[in-house]
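[1] Make a model of this:
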Amino acid sequence: MVTANSTQQHPSYEDKRYIPRWEVQNRVLLQKDEKVPAQEAVSRDISCVGICVELKEDVQVNQKINLTIYLTDSVSIKVLGSVLWTKKTPQGILAGVIFEGTKPKTQQTILDYAFEIKRSDLVNHWFKGWDQ
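    Below is the predicted model of the structure:
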């Protein structure tokens, strides 16, 4: 289980997710406070309920952030998130963010996007172990 002070996920946590995450590299604008300009980030993975982003500036666990995620050049979504964990890497900082109060239409947009780019991953995740 991931705790608020954790910097890493439990090894089995990711494997048992009902909602799959798709490895992607999308442009993300992250804003900690309306008074501070948004910072650029890049997604590592995304799901209907959260995202992992790589950024240059630190964020705090439990910090609320506004995200604009560019799914394509012409499609973006705006979500409110809360930082669950962070981890320093040689490239910067990874942050796991859970979305808060995401509208069903936004979740559907993420699913539609993921289905188009990683259709087989989604099918394999949901029907794992089924004879096809």
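[2] Residue ranges in this protein under the pLDDT threshold?
    Counting by pLDDT under 70, the ranges of the chain that qualify are 1-20, 117-132.
[3] Tell me who's in contact with the spatially most central residue of the chain.
    Centroid check for the chain by C-alpha atoms, centre = their mean gives Ile51 as the closest residue, at 0.6 Å. The contact partners of Ile51, by C-beta atoms under 8 Å, 6 or more residues apart in numbering, come to Val28, Ser43, Asp45, Leu67, Ile69, Gly81, Gly96, Val97, Phe99. C-beta: built from backbone N, CA, C; applies to glycine.
[4] In three-state terms, how would Glu116 be classified?
    helix (DSSP: H, G, I helix; E, B strand; the rest coil).
[5] and it, how far is that from Trp22?
    Computed with C-beta to C-beta, to the nearest Å, the distance linking Glu116 and Trp22 is 10 Å.
[6] cool, and Lys78?
    For Lys78 relative to Trp22 (C-beta to C-beta), the value is 19 Å.
[7] the more surrounded of those two?
    A count of neighbours by other C-beta atoms under 10 Å puts Trp22 above the other of Lys78 and Trp22, at 18 against 12.
[8] State the number of residues packed around the closest residue to Glu57 other than its chain neighbours.
    Setting aside the residues directly before and after it, Glu57 is nearest to Gln39 in space (C-beta to C-beta, 6 or more residues apart in numbering), at 5.4 Å. Number of residues near Gln39 (other C-beta under 10 Å) recorded here: 16.
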